[in-house]
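> sharing a sequence plus its predicted fold:
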Amino acid sequence: MVNVRQAVILGAGLGCRLKDVLDDRPKGFLQLGGRPIIEESIAKLIRSGINDIIIVTGYCFEFYDRLAEKYPFVRTIRSPEFATTGSMLSLCRPGPWVQSDFLLLESDLIYEYQALQTLQSSAHENCILLSGKTGSGDEVYVGVHENRVVNMSKCRDDIKWLGGELVGISKITRDLYQQMTSLAAEKCKQNRQYQYEDCLTDLSRSTAIYYHCLENLAWSEIDDEQQLSRALNDVHPLIQRRDSETVHSKHVERRVLLNPGPATTTDTVKYALVGHDICPREKEFGDLVEGVRQDLVRIVHGADAYEAVLFASSGTGAVEACLSSVVPHDKSVLIINNGAYGKRMQQICDAYHINHIDYDINWGKPVECSLVERLLMRHRQDISHLALVHHETTVGILNELSTLSHLAERFGVEVIVDAMSSYAGIPIDIQDSGIHYLVASANKCIQGMAGLSFVICKTESLEKTKEIRPRNLYFNLYQNYAYFSQKHEMQFTPPVQVFHALRQAINEYFIETEQGRAIRYATLCDVLEKGLQALGFRFLLETEYRAKLLTAIIEPEDTRYAFSEMHDYLYQRGFTIYPGKDAAQNTFRIATIGALTEQDITNFLDHLEAYLIMKEIKLRPQQPERIVGPRSSLGRTVVEKAV
Ligand SMILES: *Cc1c(COP(=O)(O)O)cnc(C)c1O
């Protein structure tokens, strides 16, 4: 199944029959649920794989222009004579921007997600969606012959064989669109009120236009007060109920990944991998990369002052690119190590012979800022950079990013943050936090596919690294940045399909919103924690240090317990859990990131409980032994090393 990726929404109309209710808003901004109906529609379009939405605006166009600022995948095009012309002239407006087959929608519709899926999976290229009887009072009846549309009318008597009622969502090929705009150019000379429905009817004689009727589809146009109240009381609640039941399609087997990335992806992100072949040196692909670059920066609020540099690699590649490219040859980087990823930064520096001063802390212990300050003070001549991990995925600890970076600022030290497993999962303001380089990858909280990593760089700092003699070629940050800036192409072959998936994942992120995602992740973690506690499990970290993205769980001491066996039992049932990593106590880990629902977590807990019962594993509910003591300095060592 290959999706149509473009949509055109007709949103110019005045809505005169709803004048009082609208109160100087376009109809799309009527609010039935938590957000305007146009935003509900956009969310469904994104979920169905659409990644380019054109809205034709007219009346109160500013409302739509604000949407285009909010969502990177929305563009608006104005139809200035909207008040005196029919919908077909509006539909002609996007002309050159329509570059493929597209879905055509009206802006005042509420509808079930199923409507889009049906058109997306229909084998017919030109296909109009119909429904059974609605009794809405403003029906457009569609006459059909065999499986093709022959005419449309508001008058039932004009129709010989009734196919159903017109919904106002259609799939149109680029070819048909060209025929429509040519015909409109003629017709509109006599009739400026020419409607797109009439145009489709006129063309249906020469071009096959098919239909698909969903007998029971819940939908409504909202054009007058009667329709509005029907929508409010009956149709909208029904749509919400039905949509919540069709979360996942049945096309790809669903696995719930509870390992800390690659995370579970949505089906639409998976489908985005399938598309036409393209040479990545074409402008079309360069545009895609540019859009992704901008939006990666936007996610951490770095507008204008930051640049994203992408690499075809796992996350470690971008960490390596950053460290190897920004630390001057005669300077040192202070590395905070309270987990495997802090240690990895030290290993990278060793491999490149980059001077580093290490602040080693027992894994799972929090950073003591006063010690960092002391080290910055003692080595103030040497240190140019402070490197730390935001969310240390080894144990799930959240390091104090802002405090540490502001500390560094006092010493004129730049900050490198490995935010691999927190980026897009916890809100980060890169400017406010005083970060110079932030490293992340496509396959964790952003919910894309593995194979792409990136560094979001403060442009001013990045420009200065031009002077540093390169330590490498493929992973040189400045070179990759300069190459793209000059050529609008990536320096080396990117994973094209993974880019498309990332584009889709970013779109879905903006639909869910920064807050929405952070709250969903935190809720998943809460549900997990409560469930595990009820089963008698204990956690490695105290709540105050946890990022709520990953839970490190102390392994049962019972001899009947074996991680690998528990893993296999759960794996067979569709759940992937993860072993622990060299923490003070033996642990296993459950990450609650990715396209997961609360139901996934409760299902997981049910299986885990069944396993414990089957194996008769006893968990002694006891006073939690605090591994991390507030401000205790036990077990903390400071190692200083200059290579
Ligand atoms: C996942 C992760 C990485 C990168 O791991 P890769 O396997 O190279 O993708 C780096 N740092 C942190 C904190 C991580 O969670």
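Looks like it came in fine.
> for the residue in the stretch 501-643 of the chain positioned nearest to the ligand, grab phi and psi.
Residue nearest to the ligand within the stretch 501-643 of the chain (Cβ to the nearest ligand atom): Leu550, separated by 8.6 Å. For the C-beta atoms, the positions are set from N, CA and C on the backbone; glycine is no exception. Main-chain torsions, Leu550, degrees, to the nearest 10: phi -150, psi 140.
> what helices or strands is the longest helix along the chain leaning on?
For the chain, the helix with the greatest residue count under DSSP state H is helix 514-535. Contacts defined by 3 or more Cβ pairs under 8 Å, 6 or more residues apart in numbering; DSSP states H and E place helix 514-535 against strand 550-554, helix 598-615.
> need the pLDDT of the residue of the stretch 501-643 of the chain closest to the ligand.
On the pLDDT scale, Leu550 is placed at 97.
> the nearest residue to it once chain neighbours are set aside: neighbour count?
In space, and not counting its chain neighbours, Leu550 is closest to Gly396: 3.9 Å by Cβ to Cβ, 6 or more residues apart in numbering. Using other Cβ atoms under 10 Å, Gly396 has 30 other residues around it.
> need the contact list for Gly396.
Gly396 sits next to Leu540, Leu541, Arg546, Ala547, Leu549, Leu550, Thr551, Ala552, Arg589 when contact means Cβ atoms under 8 Å, 6 or more residues apart in numbering.
> and Cys213, that's in a strand?
Yes: assessed with DSSP: H, G, I helix; E, B strand; the rest coil, Cys213 lies in a strand.
> who are the packing partners of the longest strand anywhere in the chain?
Selection of the longest strand in the chain by residue count, based on DSSP state E, yields strand 162-172. Helices and strands touching strand 162-172, by 3+ Cβ pairs under 8 Å, 6+ apart, are strand 102-106, strand 109-111, helix 113-121, strand 127-131, strand 141-145, strand 210-214.
> report the distance from it to the chain centre.
31 Å (Cα atoms, centre = their mean, to the nearest Å).
> give the next helix or strand downstream of that strand.
Scanning forward in sequence from strand 162-172 by DSSP states H and E, the next helix or strand is helix 174-190.
> list the buried residues of the longest helix of the chain.
514, 517-518, 520-522, 524-525, 527-529, 531-532 (16 or more other Cβ atoms under 10 Å).
> could I get the residues you listed as CSV with distance to Asp277?
Output for the buried residues of helix 514-535, formatted as CSV (distance: Cβ to Cβ, whole Å):
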residue, distance to Asp277
Glu514, 34
Arg517, 32
Ala518, 37
Arg520, 35
Tyr521, 35
Ala522, 41
Leu524, 37
Cys525, 40
Val527, 42
Leu528, 41
Glu529, 46
Gly531, 46
Leu532, 46
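> which one of those residues is nearest to Val56?
Glu514 (28.9 Å; Cβ to Cβ).
> how many residues are close by the nearest residue to Arg471 once chain neighbours are set aside?
Excluding the flanking residues, the one nearest Arg471 by Cβ to Cβ, 6+ apart is Ser324, at 4.8 Å. Using other Cβ under 10 Å, the number of residues around Ser324 comes to 20.
> Ser324 contacts Asp350, doesn't it?
No: counting by Cβ atoms under 8 Å, Ser324 sits too far from Asp350 to count as a contact (11.6 Å).
> okay, the helices and strands packed on strand 162-172 in TSV with distance to the ligand and mean pLDDT next?
Output for the helices and strands packed on strand 162-172, formatted as TSV (distance: least, Cβ to the nearest ligand atom, whole Å; pLDDT from 0 to 100):
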stretch	distance to the ligand	mean pLDDT
strand 102-106	36	97
strand 109-111	39	97
helix 113-121	32	93
strand 127-131	42	97
strand 141-145	52	96
strand 210-214	43	96
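> give me the beta-bridge partners of Ala440?
For Ala440, the beta-bridge partners are Phe454 (DSSP bridges).
> can you tell me how far it is from Ile456?
8 Å (Cβ to Cβ, to the nearest Å).
> counting neighbours, go ahead and name the busier of these two.
Legend: neighbour count by other Cβ under 10 Å for Ala440 and Ile456, higher for Ala440 (31 against 28).
> show me where pLDDT drops low in the stretch 101-250 of the chain?
For the stretch 101-250 of the chain, the stretches with pLDDT under 70 are 246-250.
> can we see that at 80?
Filtered on pLDDT under 80, the stretch 101-250 of the chain yields the residue ranges 245-250.
> can you check the pLDDT for the nearest residue to Lys615 once chain neighbours are set aside?
Distances taken as Cβ to Cβ, 6+ apart place Arg560 nearest to Lys615, at 5.0 Å, with adjacent residues excluded. If you check Arg560, the pLDDT there is 94.
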